[in-house]
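In: Everything below, folded, please.
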Amino acid sequence: MGDVTMIGLGEMGGAMARAFLRAGHDVTVWNRTSTKAEQVMTEGAHVVRDVLAAIEASPIILTCVSSYATARALLDDQATAEALAGRTLVQLGSGTPQEARDMQGWVLEKDAQYLDAALLGWPRQIGTAEMTILVSGDTATFEAHRNLLGALAGNLVHMGEPIGLSSTVFSAVLSYLAGRWIGLCHGALICEAEGFGVAAFGEILAQQAQVLGEDARHMGEVIEKNEYDNPESTLETAGNDIIRLMQLSREAGINAEFPVFAGELFRRAIEAGHGAQEHAALIKLLRAGEA
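Out: All right, here's what the predicted structure looks like:
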């Protein structure tokens, strides 16, 4: 029996298989298309013919496929599911906290152990100090495999035993990134319209990384403590600036969808009476609209 099996050899899965190999582990791999498996085989991995053989090859199996549903479909025939007994399955695909809970229930029914993990980083960062992997699940199971999983990330974090925690944080980070990516692209449109280099714009943002990180930490504390008063800059001040982006977009003849969306949220928050509070008081408007 080898050390670890990797099911799914996309950009992330392939990077993880290679990180295990660099760390000196005996690695078995399986991928739906054989080309990627053969590439990893030249670096020392054992390629097997099917998912059943992949599970039987190792005491711990990592799945890195497109979704929980895809992982379940790969494992959900009688022989394959029965082979999980006594082993540990680590799921690394994107999904929701409820999907993680459902997957755990299914795995435990097979007399296997389950860890749910989320990747915060890019394939090029796998196996480096820059990579963060969040893992949820049984503490003893995590500790039993800590050293092995540590080959994948310099920052390996056990979130706790509630299995949905890793997916919760991943989803929250993704929500933040979605707004950030859209905002960056709209900023790039502004720069292009005014003849300023977009690469230089990106460099300015990079130089502000520490400030932006401190702002994220501060806003998280503000929301958790429900303390929105005495801001350095008010929601109204920021909101009026954001609303003004709609004017800029019209004048520059560029797409205005993002400033219209953001400006409308800030306008409604100001009209609801939150204008003198922290920017994060915007969450009060979002909570009010939850229903």
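
In: Could you use CA atoms for every contact and neighbour count after this?
Out: Fine.

In: which stretches of the stretch 101-250 of the chain have low pLDDT?
Out: For the stretch 101-250 of the chain, not a single residue meets the criterion pLDDT under 70.

In: where along it do the helices fall?
Out: Counting by DSSP state H, counting those that start in this stretch, one finds helices in the stretch 101-250 of the chain at the ranges 139-149, 165-194, 198-207, 209-225, 235-252.

In: can you redo those helices as CSV with mean neighbour count?
Out: CSV is the format used below for the helices of the stretch 101-250 of the chain (neighbours: other Cα atoms under 10 Å):
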stretch, mean neighbour count
helix 139-149, 14
helix 165-194, 16
helix 198-207, 13
helix 209-225, 13
helix 235-252, 17
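
In: of all those, which lies closest to Ala112?
Out: helix 139-149 (10.5 Å; Cα to Cα).

In: So Arg18 sits against Gln39, correct?
Out: No: using Cα atoms under 8 Å, Arg18 makes no contact with Gln39, being 10.3 Å away.

In: So for these two, which sits in the more crowded spot?
Out: Arg18 (23 against 14; other Cα atoms under 10 Å).

In: Now render the helices of the stretch 101-250 of the chain as CSV, adding distance to Gly289.
Out: Listed next are these as CSV, based on distance: least, Cα to Cα, whole Å:
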stretch, distance to Gly289
helix 139-149, 37
helix 165-194, 17
helix 198-207, 32
helix 209-225, 17
helix 235-252, 18
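
In: Can you give the distance of the longest strand seen in the chain from its chain's centre?
Out: Of all segments of type strand in the chain, defined using DSSP state E, the longest is strand 113-120. Distance of strand 113-120 from the chain centroid (Cα atoms, centre = their mean, to the nearest Å) equals 11 Å.

In: Tell me which other helices or strands that strand touches.
Out: Packed against strand 113-120 by the contact rule (3 or more Cα pairs under 8 Å, 6 or more residues apart in numbering; DSSP states H and E) you find strand 88-91, helix 97-109, strand 132-137, helix 139-149, helix 165-194.

In: So which residues make contact with it?
Out: 86-94, 100, 104, 107-108, 131-138, 141-142, 163-164, 166-167, 170 (Cα atoms under 8 Å, 6 or more residues apart in numbering).

In: Same check on stretch 138-150?
Out: Contacts of stretch 138-150 (Cα under 8 Å, 6+ apart): Phe20, Thr88, Gln113, Tyr114, Leu115, Val135, Leu156, His158, Gly160, Glu161.

In: again, 10 Å this time
Out: 3-4, 16, 19-20, 23, 25, 60, 62, 88, 90, 113-116, 127-128, 133, 135-136, 156-163 (Cα atoms under 10 Å, 6 or more residues apart in numbering).

In: ok, back up a step: okay, and the common contacts of Arg18 and Gln39?
Out: Shared contacts of Arg18 and Gln39 (Cα under 10 Å, 6+ apart): Ala45.

In: What separation do you get for Gly13 and Leu119?
Out: 11 Å (Cα to Cα, to the nearest Å).

In: Now for those two: what residues contact both?
Out: In contact with both Gly13 and Leu119: Leu92, Gly93, Ile126, using Cα under 10 Å, 6+ apart.

In: so which of those residues comes closest to Thr33?
Out: Gly93 (17.9 Å).

In: Following the record's annotation, map out the domains of this structure.
Out: Annotated domains of the chain cover 4-161, 169-288 [automatic domain parsing].

In: So Gly202 sits against Gly183, correct?
Out: No: counting by Cα atoms under 10 Å, Gly183 is not a contact partner of Gly202; they are 11.8 Å apart.

In: what number of residues lie near Asp111?
Out: 16.

In: Phe196 too?
Out: 13.

In: Show me which of the contacts of stretch 138-150 are buried.
Out: 3-4, 16, 19-20, 25, 60, 62, 88, 90, 113-116, 127, 133, 135-136, 156-161, 163 (16 or more other Cα atoms under 10 Å).

In: could you measure Gly2 against His145, distance?
Out: 14 Å.

In: Now do the shared contacts for the two.
Out: Both Gly2 and His145 are contacted by Ile60, under the criterion Cα under 10 Å, 6+ apart.
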